[in-house]
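In: Give me a model of this one.
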Amino acid sequence: MVRAARLLLALAAEKGGLVLTPAGALKRVDVRHVFDQTEWPGYDKATTLAMNKVINEHDAYGVLFTRIALQAAGLLRKRSGVLKASKAAKAMLAPEAAPTLLAALFEAVFWKMNLQDFDRNPIEFWPQHHMGVILWSLSVTAHDWSSAGTLMQACTVMETLLEVPADDLPEFAMVSRVLRPLTWLGLLESRKREAQAGRGFDEDFRAMPLFRQLVAFEVEMQGAEAARH
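Out: Below you'll find the predicted structure:
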């Protein structure tokens, strides 16, 4: 995702802005420029190419996601149908600025974007509204390969689910709103496994060394002076 962001910011700087379509999307030529140079865990590029004669922004989900994250971070700003790179964005094109860009994207994805907008999952907000708890929980549980269902049970506050139209939707939300974005940011890695009978994703996830380099926690138990059972 950092690579995709740098490609988009470089294009915006070189062209004096990215001209959007009347529908507000990136033009195909700009989408293809980024699509061809990036890989997105969980999405097969060959399948996308086989199913689409041309690649629009909505066909290249990772490019769309990154563009919106850059806008949420204030690094791309829309003016009269053109996305302009901010002064801060231009400074982030330097190789040594990659960690700062990663941190800005990380904050934008989980605290400035509504990830429900991308997955059409009817469960509102969950589990994004307690991302701090989830990240801390992942930091102490995701050392080894674990299924999405296992991480969901261990790292989310299930009691905050008010209404679940279907049993598989919470796990779907955990993947699309937490685990997949974290793999795109390089904090988690994923691997395919043999599909098992029943519902569930055929992927496992575990933390990468970058997770602890980017995120640190100061955890204080409320009422720690009293006995807790």
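In: For the chain, just list every one of the helices.
Out: 2-15, 28-35, 45-51, 61-72, 87-91, 98-111, 116-119, 131-141, 148-155, 169-174, 180-184, 209-214 (DSSP state H).
In: if you skip the residues just before and after it, what's nearest to the most centrally placed residue in the chain?
Out: The centre of the chain sits closest to P181, judged by CA atoms, centre = their mean, with a distance of 2.3 Å. Residue nearest to P181 in three dimensions, not counting chain neighbours: V109, with 5.2 Å by CB to CB, 6 or more residues apart in numbering. Yep, even glycine has a C-beta here, placed from its N, CA and C like the rest.
In: That neighbour contacts T183, correct?
Out: No. At 11.8 Å, V109 and T183 do not qualify as touching, with contact defined as CB atoms under 8 Å.
In: Spit out the contact partners of W184.
Out: W184 makes contacts with M1, W40, P41, G62, F65, as judged by CB atoms under 8 Å, 6 or more residues apart in numbering.
In: let's see it at 6 Å
Out: For W184, the contact set (CB atoms under 6 Å, 6 or more residues apart in numbering) comprises M1.
In: which stretches of this structure aren't confidently modelled?
Out: Applying pLDDT under 70 to the chain picks out residues 195-200, 223-229.
In: let's go with 90 and repeat that
Out: Scanning the chain for pLDDT under 90 picks out the ranges 120, 159-167, 192-202, 217-229.
In: Quick check: can you list the domain ranges of it?
Out: 2-111, 116-214 (automatic domain parsing).
In: can you count the residues close to the closest residue in space to V157 that isn't next to it in sequence?
Out: Among residues not flanking V157 along the chain, H130 sits closest, at 5.4 Å (CB to CB, 6+ apart). For H130, the count of nearby residues is 15 (other CB atoms under 10 Å).
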